[in-house]
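Student: got a structure for you, letters missing:
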């Protein structure tokens, strides 16, 4: 940045080269790390559509958890459940009436694309019907999503809606 | 109605803030000190006003006024008093108000300083701080009003500030309560600490802008705000560490930092702030890097605003969600506007901010400081890239691609390592000119000693290359720093014929910023020990075992003794397991992992059982439990080597910070010290 303050040509050159080297290494670090750890965000629909072409990629998918399908074996920590497609785009979610409604609609609609998820590990506290699951992992050749990481979001957790039981008492 | 009073006072504060900004500008235009004095008093008046607003909200929170939506959403009958008080910053509306209140406290204390020497700065400091205040209050008034109430109308229930026609106030009787995850002590102090840090950075920014507008571009603005910067940095750092500790204690995933967008949002102003803290020294000592310092404080200010937004918007699922929140566009407009105006001012003064001295030697202390700055900016760019990458990729390819923690770890590790090298080199480098020879002569003894550490570690059977490098750098920084302090004390000891300890005390007292800084360097590498330990050497196992059985992880064996379930105060059901820990076959204690279930919010919370010492942490999570089955309970066990050094480093850090930032008794001393500083590097032969 301050290379302009160096009057001597050679001194100045040293600083310019040094600065460029640092810049180049930061760019290299970013580029190579991005490539090594990029995760492709996909909806269930997209996973179904792309199928085998994304099998080796790091994927991040999200869907609405269908409560009845949750199976958990505490002995082996094997957890399986099925998620239904929800839009990946937030403006779409909002347009369809907000996250809670979108998740509900996805779960009750039998025609939605669904995918089975397998995860090994402790069952997350918030895994329940109509929660949004965000899975990181890869798609197996068998069409099952193998998750290495599992995040749950419940739409009711943050902003409260109008108090439903509220009455004039 | 109290809520109306709170809202009215809020509007009054808002109007006062607008008045202050206008009066300051009028005062400058008319060259009339009375207008400026009036604007100053307007700023001071905001403190009692906004304090009353806060008091009203606290009153509503404490007294269960659930007809107020904010109170309803963050408190409940079963919450103890202290949690109801801290619910002030438990939600978005309240924390924005809290932010404005902190800003008002800081601004008032600045307004009450002696302005005799800096009269020309005053109106512009008023303008910057009051406009920031106006911005936050307008969010509270127009978008996130903490005083909105529930009303029952013919069309249904609604939340509004003012009574809709024919509506009746609803009191739901009880609130939903604060998210149990946020009821941890770390999470109660974490937001205010972070906010103190955030808000304190507004003050140096205000002075920087004042310097740009008035053209008084010497280092006066830096000298006035030096301590503000230090305290801001201290609080921001404590806030970050508390957040990490909270994650470690409550989230139950065995980690402390997940490179989450929220964390990064709080980390980014820390990066620019740290760079700023270093580079202002170059301006003070050498009259260099002036334009750069301006840019850094502008960036810090806007990253603070950005961080405030991100950490409190509640819509953090993806980068995409930013604009979804009602206040998103407001924030982005404000950030864009302040950035453009500040950078415009900087361009306007660009030539006046030229360096007074040329940078000649690549190994001089100022060059190393510049390098340090570039590395911090490098880390900032990595973080920023990680946050905006999903947007870019989606715009470019239509495919949303995100990067996770491995990206940040891989990209920042070499940069952090380089910073450690600098921490070892810079204290030994001279101002103006250093060569490899002078530097080598100063460093070879501690470096030789530092090599011993990785060799020992290697013989202990550790073959991880990154860890060996890391431990070498940690040792190098510690040895160089101790060596420097020891040399300084010895020099005094010989010269003044004092006791060695007296010499040490006086050495530090005479130049607290420098030696406080050294202690902070040591604290940073102590934290690095913890990070290296948990990142590289964490091991884990999991399994379901019946009572009386054991799980083994490395040299630890954990036996499942019993489990009990009971209700406690605060609407909580606790399942608590007792496990005995054996290290190398020897009984060393018990751990008590817990699962708390909160009835009202229907949310469980996993609290690990922890056995912690300087060597490692055994971190046991109760995953699942079958009441009447022979299967027993499921546990997940982590061994986190050395992680305690992370927290120890944080405590050392605070100590170093107090040494560096505690106010001087005699301000005149600063001038004397300054001339002494210039001579100090001469001792590096």
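Tutor: The structure has been received and is ready for your questions. The model shown is predicted, which means the values in this text are computed figures rather than measured ones. Numbers count the residues shown, from 1 in each chain, chains lettered A, B, ... in the order given.
Student: list phi and psi for residue B:578.
Tutor: phi -120, psi 130 (degrees, to the nearest 10).
Student: my error: substitute residue A:73 in the last question.
Tutor: Phi and psi for residue A:73, reported as degrees, to the nearest 10, are phi -110, psi 110.
Student: can you give me the neighbour number for it?
Tutor: 15 (other Cβ atoms under 10 Å in any protein chain shown). Glycine gets a C-beta too; all of them are placed from N, C-alpha and C.
Student: return the helix or strand in chain A with minimum mean pLDDT.
Tutor: Using mean pLDDT, DSSP states H and E, the weakest-scoring helix or strand in chain A turns out to be helix A:90-95, at a mean of 74.
Student: which residues touch residue B:226?
Tutor: Residues in contact with residue B:226 (Cβ atoms under 8 Å, 6 or more residues apart in numbering or on different chains) are residue B:280.
Student: ok, it to residue B:276 distance?
Tutor: 11 Å (Cβ to Cβ, to the nearest Å).
Student: related to what we said a few turns ago, buried residues, the following helix or strand past the least confident helix or strand of chain A. List them.
Tutor: In the C-terminal direction, the helix or strand that comes right after helix A:90-95 (DSSP states H and E) is helix A:99-108. By neighbour count on 16 or more other Cβ atoms under 10 Å in any protein chain shown, the buried set for helix A:99-108 is A:99, A:102-107.
Student: what do you get for stretch B:15-30?
Tutor: B:16-21, B:23-25, B:27-28.
Student: now distance to residue A:32 and pLDDT too, for the residues you listed, in CSV please.
Tutor: Converted to CSV, those look like this (distance: Cβ to Cβ, whole Å; pLDDT from 0 to 100):
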residue, distance to residue A:32, pLDDT
B:16, 53, 97
B:17, 48, 97
B:18, 50, 97
B:19, 54, 97
B:20, 51, 97
B:21, 48, 97
B:23, 55, 97
B:24, 50, 97
B:25, 50, 96
B:27, 55, 95
B:28, 52, 96
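Student: out of these, flag the one nearest to residue B:464.
Tutor: Ranked by distance to residue B:464 (Cβ to Cβ), the buried residues of stretch B:15-30 are led by residue B:17 at 55.3 Å.
Student: doesn't that closest one belong to a helix?
Tutor: Yes - Residue B:17: assigned to a helix according to DSSP: H, G, I helix; E, B strand; the rest coil.
Student: what sits against it?
Tutor: Applying Cβ under 8 Å, 6+ apart, the residues contacting residue B:17 are B:42-43, B:46, B:130-131, B:133-134, B:137.
Student: neighbour-wise, which one of those residues leads?
Tutor: residue B:46 (29 neighbours).
Student: which residues does that residue contact?
Tutor: With Cβ under 8 Å, 6+ apart, residue B:46 has these contacts: B:13, B:16-17, B:20, B:104, B:107-108, B:130, B:133.
Student: please identify the helix or strand for it.
Tutor: Using DSSP H and E, residue B:46 falls in helix B:33-62.
Student: other SSEs contacting whichever helix or strand comes after that helix?
Tutor: Sequence-wise, the next helix or strand downstream of helix B:33-62 (DSSP H and E) is helix B:69-74. Applying 3 or more Cβ pairs under 8 Å, 6 or more residues apart in numbering or on different chains; DSSP states H and E, one finds that helix B:69-74 contacts helix B:33-62, helix B:92-111, strand B:149-153.
Student: please identify the most buried of these.
Tutor: Burial of those is given as mean neighbour count (mean count of other Cβ atoms under 10 Å in any protein chain shown); helix B:92-111 ranks first at a mean of 23.
Student: what is that one packed up against?
Tutor: Under the contact rule (3+ Cβ pairs under 8 Å, 6+ apart), helix B:92-111 is packed against helix B:2-30, helix B:33-62, helix B:69-74, helix B:122-138, helix B:185-200, helix B:202-214, helix B:290-312.
Student: next helix or strand past the shortest one?
Tutor: This points to helix B:69-74. In N-to-C order, the element after helix B:69-74 by DSSP H and E is helix B:81-86.
Student: mind checking the SS state of the residue of the stretch 151-300 of chain B found nearest chain A?
Tutor: Closest approach between the stretch 151-300 of chain B and chain A, counting by Cβ to the nearest Cβ: residue B:172, at 4.2 Å. Following three-state DSSP, the label given to residue B:172 is coil.
Student: what's the local residue count around it?
Tutor: Neighbour tally, residue B:172, other Cβ under 10 Å: 21.
Student: again with residue B:592
Tutor: 14.
Student: can you give me phi and psi for it?
Tutor: Per degrees, to the nearest 10, the backbone of residue B:592 is at phi -130, psi 70.
Student: pLDDT at it, what is it?
Tutor: Note on residue B:592: pLDDT of 95.
Student: tell me who's in contact with it.
Tutor: Contacts for residue B:592 (Cβ under 8 Å, 6+ apart) come out as B:576-579, B:609.
Student: doesn't residue B:254 fall inside a helix?
Tutor: No - if the criterion is three-state DSSP, then residue B:254 is coil and not within a helix.
Student: and the closest residue to it other than its chain neighbours, how many residues sit next to it?
Tutor: Leaving aside its chain neighbours, residue B:254 sits nearest to residue B:638 (3.9 Å; criterion: Cβ to Cβ, 6 or more residues apart in numbering or on different chains). Residue B:638 has 24 neighbours, counted by other Cβ under 10 Å.
Student: SS state for residue B:638?
Tutor: strand.
Student: so what's it bridging to?
Tutor: Bridge pairing for residue B:638 (DSSP bridges) gives the partners residue B:540, residue B:619.
Student: biggest helix in chain A, by residue count?
Tutor: Criterion DSSP state H: the longest helix present in chain A is helix A:9-37.
Student: could you identify the helix or strand that succeeds that helix?
Tutor: Using DSSP H and E, the helix or strand that directly follows helix A:9-37 along the chain is strand A:38-43.
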